[in-house]
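Undergrad: please find the sequence and the predicted model below.
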Amino acid sequence: MVTVDRTRGYRLFQGLNAVILTGVVIVTLYPVINIIARSLSDENAIRSGSVNLIPRGFTFQTYQYVASDPTFWINYRNTVVYTVVATLIAIILTTCYAYVLSKPKLKGRKALIWVAVFTMFFSGGLIPNYILISSLGLKDSIWAIVLPNAISVFNLLVMKAFFEGLPAELEEAAAIDGMNTYGILLRIVLPLSKAVLAAMVLFYAVAFWNSWFSAFLYMTQSDLFPVTVYLRNLIAGATSATSVGADATNMTVAANIKSVTIVLTLLPIVLIYPFVQRFFVSGVTLGAVKG
Amino acid sequence: MYQMNRRTALITIGTALALAGCGTDEPEKKGDDLSAKRDGAMANFAVGTQFAATAPVSFSLLYNNHSFYPIKNDWLFWSELTKRTNTTLVPSVVPLSDYESKRSLMIGAGDAPLIIPKTYPGQETSFVASGAILPVSDYLDLMPNFKDKVAKWNLGPDLDTLRQSDGRFYLLPGLHEGYWVEYSLAMRTDILEELGLEIPTTWDELHTVLKAMKAKYPDQYPMSDRWGVPTPGGALLRVLGSQFGAPGGWAYQNATWDPKAQKFAFTGAMEQYKQALTYLHTLVAEKLLDPESFTQPDDMAIQKLASGKSFVISTNAQTLVNEYRPPLAEANPRAKLVKIPVPIGPMGPIKPDPKTRLENGIMISKKALDSKNFVAMMQFIDWLWYSDAGQAFAKWGIDGVTTTKDGSGKYKPASDVDFIGLNPGAPKHLQKDFGFSNGVFAYGGSTELLQSTFSEEEVAFQKTMNARTALPVEPPHPLTDAEREQATLWETPLKDHVTQNTLKFILGNRDLGEWDAYVKELEAQNSKAYIDMVNAAYERYKKQHG
């Protein structure tokens, strides 16, 4: 009796779940498919509003047009370089910091945690940051993007929680066998932490891939911009009313060109997800449950 | 090293704060000794002289990177400019989307380039108190072309609107010879013909025409407008409001000069503003104007126009040709869309907004004064942005390469160069491939130069509009630093309240009978105190500076 009830309830739950999640999938996928359809459509068809899920006036010319713009590829390459370097540095620094913080015997541990958490709530503000980066001579270099954002406190805490959950006995055994701290970290702890590392790589990589603000602040040459700045300029156009109103020679960029740029920018990071996903889910929950 | 830099940073912040705190800059004598700053400058630079620095010089420039023609370092513009003027510009590239934030940031951090173009009149005031911007009015003697154009085109009163409470101005504006009316309405004339109607010349006639359209096509809104986001009725209320005597939309300012009363009035509470809103409300209530006009994205409005669901929309010359006609022609080859002269309102045949003939222009960092090339820089700016030769160069490029000038002096792009669709299919583009007609360098100038890019129908439109009378330029009313601080606190909430209620009144969410209550609400937000302050500033300026 009870089991039947439960099954019925469970079925209902599953059914509801399926309906709701299908709804979420549709809502999420629709804009993506719409953008893809636009990227393959004729500009006038988009203007007249006839493009929804299927391309009208099918053409690959827009892709050819965008691909023939050297600035786009230079910016694209920058994004790849910035993302790879920044993720690498971020992972190294975050791992080291988190590992140290996970050791209860560490002196001044609380102060170190406090220093990190403090930055979650307070920051120096835009202009002081800008002055700092300029006086350090980092402007117009990759380091202006890579260094200030190297440690995300949220990721740091997730990782610390994960390390705390590893059995201390493993490390003690390694120590008895004569390993030093670095040996333990590199040969024992990290191999056991692939899941959380993969999750961190994904978090950082996506964040760096999508970020445009630091580049906008600290870069003054268009050859140094990441593709996100290129894209933002294309899509946002003039944002202030004065600029819109007063510039009549203001030509707008065609809707299909925007769409192609979006698709090309979106693609790599979307393609990474399937490969990291299995680590991603287990990695995040491991840290979370034990934190 | 690191410690040192941090300390420097802290000191800089301190200085910046101190500067922001006490804004009164030390009195500076007009025409200080510039003899040590003449490196590279020409000894006798005058109107008609081609500027060429006597030694190679370079100046930093804040560059507004347009998405339609992103900057390229190999543009002919850069190399030819250096060849002609012996001057190299070093651009700091900022995406158009966030130009204003970056400009504030760089000026605030004391890191701005020397030349800061693309600054609209009024935007410079927030930087004046920081002392980071050069009071350019003190150095006009270095700029013969600028002075010549101001005198020739009688732009003195326009320039006065830029003056701050110290009587100086801090922005070198773009100068127009004539008024340039950009925005009006586009209308389907084939529908007019079908109904046997003429193009409406007044707003009342427009009302009648829309009613006739509605009678024939009862299921649709004859007018569905764009440019509603983020400012509701950005173009429409600007055009309509100015014809009623109280510009709204993009042109909205809390204070509007009332020439009859000889003082400023609070725009959002003016009777004229109410009349404009009443007019729009009538259109909405009679289902002549699509209520979504004030909230829909531009694309939607264009789609409605293109698919024949609406017949009237706001336009300027470019959007008419680039955004409306192509999709419309595809959907309905017989459709004819025309930009009509701005309908006349209760003010009679006046020119609508713009109120002045000033364009966006250039701020100069005060630290330029420390450079030994200062005089050369001012001469360079004067040549490139204000001389006839410089303006023609920036706009059209080089005769025989990017443009051809025929016997009557009319410019045309060279046969292999496209520009605003004049040579469709040409392999190169004047803006994208050569860097000319770039919004950073090319604007303003003589009517002849301005209209050299206009199509015939646009020239005809301008001719009609220029036959109307221009309103007097509103007098200067610069606020002191303390007043400006107070005004900033009042202005934004006031403007927000006006914007919100503008929308409510038009759409009928609030009854126009509640107008008095609404004016009271504005007064509760200090609209009266604000206007009194502006009027006091006007009186004070008049007394001090004539």
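TA: Good, I have the coordinates.

Undergrad: how is chain B divided into domains?
TA: Domain assignment of chain B by automatic domain parsing yields the ranges B:51-179+B:358-387, B:395-466.

Undergrad: longest helix in chain A, by number of residues?
TA: The helix of greatest length in chain A, counted in residues with DSSP state H as the criterion, is given as helix A:2-39.

Undergrad: quickly check: the next helix or strand after it near chain B or not.
TA: In the C-terminal direction, the helix or strand that comes right after helix A:2-39 (DSSP states H and E) is helix A:43-47. Yes: if you take C-beta under 8 Å from any C-beta of the partner chain as the test, helix A:43-47 does meet chain B, through A:43-44, A:47. No exception for glycine: its C-beta is placed from N, CA and C like everyone else's.

Undergrad: how about low-confidence regions in chain B?
TA: When the per-residue scores of chain B are filtered using pLDDT under 70, the ranges that remain are B:1-32, B:353-354, B:546.

Undergrad: how long is stretch A:214-223 end to end?
TA: For stretch A:214-223, the first-to-last residue distance is 15 Å (C-alpha to C-alpha, to the nearest Å).

Undergrad: sorry, back to before: for the longest helix of chain A, the averaged confidence score.
TA: The average of the pLDDT scores along helix A:2-39 is 87.

Undergrad: contacts (any at all) between chain B and that helix?
TA: No: against chain B, helix A:2-39 shows no contacts by C-beta under 8 Å from any C-beta, the least distance being 10.9 Å.

Undergrad: list the helices and strands that helix packs on?
TA: helix A:255-290 (3 or more C-beta pairs under 8 Å, 6 or more residues apart in numbering or on different chains; DSSP states H and E).

Undergrad: contacts only, for the nearest residue to B:Y183 once chain neighbours are set aside.
TA: Distances taken as C-beta to C-beta, 6 or more residues apart in numbering or on different chains put B:A235 closest to B:Y183, at 4.7 Å, once the chain neighbours are dropped. In this structure, B:A235 makes contact with A:245, B:183, B:225-227, B:249-250, B:314, B:316, judged by C-beta atoms under 8 Å, 6 or more residues apart in numbering or on different chains.

Undergrad: related to what we said a few turns ago, return the member of the residues of helix A:43-47 next to chain B nearest to A:N180.
TA: For those, the closest approach to A:N180 (C-beta to C-beta) belongs to A:E43, at 64.2 Å.

Undergrad: could you say which helix or strand holds the closest residue to A:I33 other than its chain neighbours?
TA: For A:I33, the nearest residue in space outside its immediate sequence neighbours is A:L53; the separation is 5.4 Å by C-beta to C-beta, 6+ apart. Under the assignment given by DSSP H and E, A:L53 is not contained in any helix or strand.

Undergrad: how far away is A:L53 from chain B?
TA: 17 Å (C-beta to the nearest C-beta, to the nearest Å).

Undergrad: that residue: how many residues sit nearby?
TA: Under the neighbour criterion other C-beta atoms under 10 Å in any protein chain shown, A:L53 is assigned a count of 10.

Undergrad: kindly report the same for A:V85.
TA: The number of residues packed around A:V85, counting by other C-beta under 10 Å, is 15.

Undergrad: confirm it sits in a helix?
TA: Yes: with DSSP: H, G, I helix; E, B strand; the rest coil as the criterion, A:V85 is part of a helix.

Undergrad: please tell me how far it sits from A:S214.
TA: In this view, A:V85 and A:S214 are 13 Å apart by C-beta to C-beta, to the nearest Å.

Undergrad: chain A versus B:W203, what's the distance?
TA: Shown here: B:W203 relative to chain A, a distance of 21 Å by C-beta to the nearest C-beta.

Undergrad: try B:Q500
TA: As judged by C-beta to the nearest C-beta, B:Q500 and chain A stand 16 Å apart.

Undergrad: do the same with B:Y69
TA: The span separating B:Y69 from chain A equals 8 Å under the rule C-beta to the nearest C-beta.

Undergrad: now do the contacts for that residue.
TA: B:Y69 makes contacts with B:429, B:431-432, B:435, B:438, as judged by C-beta under 8 Å, 6+ apart.

Undergrad: so the residue nearest to A:I33 makes contact with A:P31?
TA: No: with contact defined as C-beta atoms under 8 Å, A:L53 does not reach A:P31; the gap is 10.7 Å.

Undergrad: bridging residues for B:N65?
TA: In this entry, B:N65 is beta-bridged to B:P95, by DSSP bridges.

Undergrad: OK, contacts around it?
TA: Taking C-beta under 8 Å, 6+ apart, one finds A:222, A:233, B:71, B:93-96 in contact with B:N65.

Undergrad: could you rerun that using 6 Å?
TA: When contacts are counted by C-beta atoms under 6 Å, 6 or more residues apart in numbering or on different chains, B:N65 touches B:71, B:93, B:95-96.

Undergrad: pull the distance from stretch B:439-456 to the chain's centre.
TA: For stretch B:439-456, the distance between its averaged C-alpha position and the chain's averaged C-alpha position is 14 Å (C-alpha atoms, centre = their mean, to the nearest Å).

Undergrad: who touches it?
TA: Applying C-beta under 6 Å, 6+ apart, the set of residues contacting stretch B:439-456 is B:64, B:66, B:117, B:174-178, B:359, B:391, B:394-395, B:411, B:459.

Undergrad: which one of the contacts of B:Y69 sits closest to B:W490?
TA: Distance from B:W490 was checked for each of the contacts of B:Y69 by C-beta to C-beta. The minimum falls on B:N438, at 37.8 Å.

Undergrad: circling back to that earlier point, so which of the contacts of B:Y69 is the closest to chain A?
TA: Distances from the contacts of B:Y69 to chain A were compared by C-beta to the nearest C-beta; the smallest belongs to B:Q431, at 8.0 Å.

Undergrad: ok, the closest one touching B:S437?
TA: Yes: at 5.3 Å, B:Q431 counts as touching B:S437 under the criterion of C-beta atoms under 6 Å.

Undergrad: in the stretch 101-250 of chain B, what residue lies closest to chain A?
TA: Per C-beta to the nearest C-beta, the residue of the stretch 101-250 of chain B with the smallest distance to chain A is B:W250, at 3.8 Å.
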